[in-house]
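In: Just a sequence and a predicted model for now, questions to come.
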Amino acid sequence: MDQNVLKLAAAQAAIAYVPIDTIIGVGSGSTVNFFIAELAKIAHRIKAAVSSSDASTALLRQANIEVTTLNDAGPLSVYVDGADEITPQLAMIKGGGAALTREKIIAAASDKFVCIADQSKLVDVLGTFPLPVEVIPMARSYVARELVKLGGHPAWRMKDDKAIVTDNGNWILDVHGLLISDPIELESWINQIAGVVSNGLFARRGADIALLASTDGVKTLTCTAVPQGTSNRIVTETR
């Protein structure tokens, strides 16, 4: 089945988790673009949105959805975003679109995190997708050396021989070769490296719900117990 069909199915399923008359968080990426298109159909039911990227902000405004800042919004009812990889425990790698820091901030400020993706993003162990790390430009080489000590192979993300610059004005290191058996611990270790702004492991604050689309329909994974930031989260599956 066409990947866009699956992305649309996951995006449509997420609309059911959007509360009426609240401010919601909206992520970034190709699957989220489908969600924004669906959100436009019910724009009159929400107050506004907080966006994780300039690209998503532009799409939301085109859909006549008011975009506000997180500082003005306060706590958010729900955050909807995609993932590059997600485990059955709802830990994720995110940041393929370089918006990981803003995504992580909005996720932390939201009561509920709904991840939308296709079934191919579900993995037993994170790390096949390179782990993005946002760094202060002056610290790039130092951070890269420290990531090598953790067993990774960092590559400076570039396009046309120019550094990819995040919406925050920073650079991205993509770390290859990691087999992430304890994503919570690794997330904490990387965040402690001087010069790291944030990394693409979403484990301390993983998803509360994952909507995973396949040819058999949309599967729902829901965290039913155990607090965020612990490794033994209890997740149930429904369709």
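Out: Nice, thanks for sending it over.
In: ok, now which ones touch the most centrally placed residue in the chain?
Out: Compute the mean C-alpha point of the chain, and by Cα atoms, centre = their mean the closest residue is Lys94, 4.5 Å away. By Cβ atoms under 8 Å, 6 or more residues apart in numbering, Lys94 lies in contact with 81-84, 100, 103-104, 132, 200, 202. The C-beta positions use only the backbone N, C-alpha and C, and glycine is treated the same way.
In: closest to Gln3 among those residues?
Out: Nearest to Gln3 among the contacts of Lys94: Gly82, at 12.0 Å, using Cβ to Cβ.
In: these two touch, right, the closest one and Val114?
Out: No - checked against Cβ atoms under 8 Å, the pair Gly82 and Val114 is beyond contact range at 10.2 Å.
In: Buried residues of the biggest strand by length in the chain, list them for me.
Out: When secondary structure is assigned using DSSP state E, the longest strand within the chain turns out to be strand 217-225. For strand 217-225, the buried set under the neighbour-count rule, 16 or more other Cβ atoms under 10 Å, comprises 218-223.
In: any residues touching the helix or strand following it, and which ones?
Out: On the C-terminal side of strand 217-225, the closest following helix or strand by DSSP states H and E is strand 234-238. Residues outside strand 234-238 that contact it (Cβ under 8 Å, 6+ apart): 88-90, 219-226.
In: picking that back up, need the buried residues of strand 217-225 in JSON lines (columns: pLDDT and distance to Asp124).
Out: What follows is the buried residues of strand 217-225, written out as JSON lines (pLDDT from 0 to 100; distance: Cβ to Cβ, whole Å):
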{"residue": "Val218", "pLDDT": "97", "distance to Asp124": "21"}
{"residue": "Lys219", "pLDDT": "96", "distance to Asp124": "16"}
{"residue": "Thr220", "pLDDT": "97", "distance to Asp124": "19"}
{"residue": "Leu221", "pLDDT": "97", "distance to Asp124": "14"}
{"residue": "Thr222", "pLDDT": "96", "distance to Asp124": "19"}
{"residue": "Cys223", "pLDDT": "91", "distance to Asp124": "17"}
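In: Between those residues, which sits nearest Leu150?
Out: When the buried residues of strand 217-225 are ranked by distance to Leu150 (Cβ to Cβ), Cys223 comes first, at 27.3 Å.
In: For Thr128, give its distance to Val148.
Out: For Thr128, the distance to Val148 under the criterion Cβ to Cβ, to the nearest Å works out to 19 Å.
In: no wait, Glu38
Out: When distances are taken as Cβ to Cβ, Glu38 and Val148 turn out to be 42 Å apart.
In: one step back: can you tell me which of the contacts of Lys94 are in helices?
Out: Secondary structure assignment by DSSP state H places 100, 103-104 of those in helices.
In: thought Val218 was touching Ile15?
Out: No - proximity of Val218 to Ile15 does not meet the contact threshold set by Cβ under 8 Å, at 11.7 Å.
In: Domains in this protein, by residue range?
Out: With automatic domain parsing as the criterion, the domains of the chain are listed as 3-124+204-238, 131-200.
In: Out of the ones you listed, which one sits most buried?
Out: Using mean count of other Cβ atoms under 10 Å, the stretch among the domains of the chain with the largest mean neighbour count is domain 3-124+204-238, at a mean of 19.
In: Just the terminal-to-terminal distance for that one.
Out: The distance separating the two terminal residues of domain 3-124+204-238, taken as Cα to Cα, to the nearest Å, comes to 22 Å.
In: chain center to that domain, what's the gap?
Out: Between the mean C-alpha location of domain 3-124+204-238 and the chain-wide mean there is a distance of 7 Å, by Cα atoms, centre = their mean, to the nearest Å.
In: Stretch 195-208 now?
Out: Once both centres are worked out by Cα atoms, centre = their mean, stretch 195-208 turns out to sit 9 Å from its chain's centre.
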